[in-house]
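[1] Fold the stuff below for me.
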Amino acid sequence: QVQLVESGGGLVQAGGSLRLSCVASGRTFSNSAMGWFRQAPGKEREFVATVSWSGGSTYYTDSVKGRFTISRDNAKNTVYLQMNSLKPEDTGVYYCAAARGAFGYSSINEYILWGQGTQVTVSS
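    Reported below is the predicted structural model:
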């Protein structure tokens, strides 16, 4: 069974850090771009960050630039999201996703496989 499994979420105070991981199983996604999205209560799922198949290209939504870093280890079939200087507005369920193509994408429509999500809560 092909699946993505996220981990690393939790409760953290504002200004703190978390590192999310997303492990793919059932097939390799080394030729696919990967992305992180988040969904706050009562809001639509939104783009956070994406990385190209090689890891050489990354792109972030403006609100996390300079604070979050996306990376990948294709040998481990794993994608990471390092989140620093967390703010209460970063609270939400964070989802990992695999794209149909090789380059980074911000559109949710480019992603074909999703994980179950991991909760991130930032307290003030």
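[2] mind checking the end-to-end distance for stretch 20-37?
    Stretch 20-37 has an end-to-end distance of 12 Å (criterion: C-alpha to C-alpha, to the nearest Å).
[3] Sorry, wrong one. I was asking about stretch 57-77.
    Stretch 57-77 has its terminal residues 17 Å apart, counting by C-alpha to C-alpha.
[4] buried ones in that stretch?
    Buried residues in stretch 57-77, defined by neighbour count with 16 or more other C-beta atoms under 10 Å: 59, 60, 61, 64, 68, 69, 70, 72, 74, 77. In this view, the C-beta of every residue, glycine as well, is placed from N, C-alpha and C.
[5] Kindly report the same for stretch 15-29.
    18, 20, 21, 22, 24, 29.
[6] Closest one of those residues to residue 120?
    Using C-beta to C-beta, residue 18 comes nearest to residue 120 of the buried residues of stretch 15-29, at 6.3 Å.
[7] Adding pLDDT, secondary structure and distance to residue 98 as columns, could you present the buried residues of stretch 15-29 in JSON lines?
    Below are the buried residues of stretch 15-29 laid out as JSON lines (pLDDT from 0 to 100; DSSP: H, G, I helix; E, B strand; the rest coil; distance: C-beta to C-beta, whole Å):
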{"residue": "18", "pLDDT": "98", "secondary structure": "strand", "distance to residue 98": "21"}
{"residue": "20", "pLDDT": "98", "secondary structure": "strand", "distance to residue 98": "15"}
{"residue": "21", "pLDDT": "98", "secondary structure": "strand", "distance to residue 98": "14"}
{"residue": "22", "pLDDT": "98", "secondary structure": "strand", "distance to residue 98": "9"}
{"residue": "24", "pLDDT": "94", "secondary structure": "strand", "distance to residue 98": "7"}
{"residue": "29", "pLDDT": "88", "secondary structure": "coil", "distance to residue 98": "5"}
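[8] can you put those in a markdown table and add distance to residue 87?
    Below are those laid out as a markdown table (distance: C-beta to C-beta, whole Å):
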| residue | distance to residue 87 |
| --- | --- |
| 18 | 12 |
| 20 | 16 |
| 21 | 21 |
| 22 | 22 |
| 24 | 29 |
| 29 | 30 |
